[in-house]
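J.: Provided below for reference: sequence and predicted model.
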Amino acid sequence: MKHTLSVLVEDESGALSRIAGLFARRGFNIDSLAVGPAEAKGISRLTMVVQGDESTLQQMTKQLNKLINVLEVLDLTTLPAVERELMLLKVSASSENRGKILDLVQVFRAKVVDVSDSALTLEVVGDPGKLVALENLLKPYGILEIARTGKVALKRASGVNTEMLKT
């Protein structure tokens, strides 16, 4: 099972290296990692997507909490959370297919951020499923380049679990 972890750390040289090393030493892969400043000065938030069962995750959480610079570890997997990812996608766009691509851009609420005679660069923000769906629809036109940020997530203050509303 994939788990989304939100980890608050002190901004110290080598903190990210120690966290990544912890996972590597135990043979666990980090599927995605996004790091940036948090709400307080001197603190960063790491959002990590990792795979493992419950016992593996409990062990990883305990090990993370032992690291000096780690302030908090929160598993957002089962909590109401807002999750987003950013993808930049460059797609081949000839004059014949440009209109079809722009129609898809509107449906997925993406933005065109660069245009040339032969290509469009799109910015797409949303849950990972949305990004994969758009990528699959654009493959027939010719995807030239893709860059993805990895997931960022925060626990919902409202406590409303939107996953429950989808069923």
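T.: Happy to help now that I have it. Model, not experiment: these values are computed from the prediction. Residues are numbered from 1 along each chain as shown.
J.: From now on I want contacts and neighbour counts done on CA atoms only, so please keep to that.
T.: Will do.
J.: outside of the helix or strand harbouring residue 24, which residues touch it?
T.: Using DSSP states H and E, residue 24 sits in helix 15-25. With contacts defined as CA atoms under 8 Å, 6 or more residues apart in numbering, helix 15-25 is touched by 9, 29, 30, 60, 63, 64, 67, 69.
J.: now, which of the residues you listed sits nearest residue 50?
T.: residue 30 (5.0 Å; CA to CA).
J.: List the contacts of the closest one.
T.: 20, 23, 48, 49, 50, 51.
J.: change it to 6 Å
T.: residue 50 (CA atoms under 6 Å, 6 or more residues apart in numbering).
J.: Kindly report the same for residue 52.
T.: Counting by CA under 6 Å, 6+ apart, residue 52 makes contact with residue 1.
J.: Residue 7 too?
T.: Applying CA under 6 Å, 6+ apart, we find residue 7 in contact with 45, 46, 72, 73.
J.: So the third one belongs to a helix, correct?
T.: No. Inclusion of residue 72 in a helix is not indicated when DSSP: H, G, I helix; E, B strand; the rest coil is applied; the result is strand.
J.: how far away is it from residue 10?
T.: Separation of residue 72 from residue 10 (CA to CA, to the nearest Å): 10 Å.
J.: my guess is residue 31 contacts residue 51, does it?
T.: No. Judged on CA atoms under 6 Å, residue 31 makes no contact with residue 51 at a distance of 7.5 Å.
J.: Show me this structure divided up by domain.
T.: In the domain annotation for the chain, the residue ranges read 2-75, 81-154 (automatic domain parsing).
J.: so where do the strands sit in the protein?
T.: For the chain, the strands defined by DSSP state E cover 2-10, 30-37, 43-51, 70-75, 81-92, 111-115, 119-126, 143-148, 152-155.
J.: Show the average pLDDT along the lengthiest helix in the chain.
T.: Longest helix in the chain, counting residues (DSSP state H): helix 54-66. Mean pLDDT, computed over helix 54-66, is 90.
J.: Give me the angle between it and helix 15-25.
T.: Here helix 54-66 runs at an angle of 150 degrees relative to helix 15-25 (axes from the mean of the first three to the mean of the last three CA atoms, to 10 degrees).
J.: Show me which positions of helix 54-66 end up buried.
T.: Within helix 54-66, the residues scored as buried using 16 or more other CA atoms under 10 Å are 57, 60, 61, 64.
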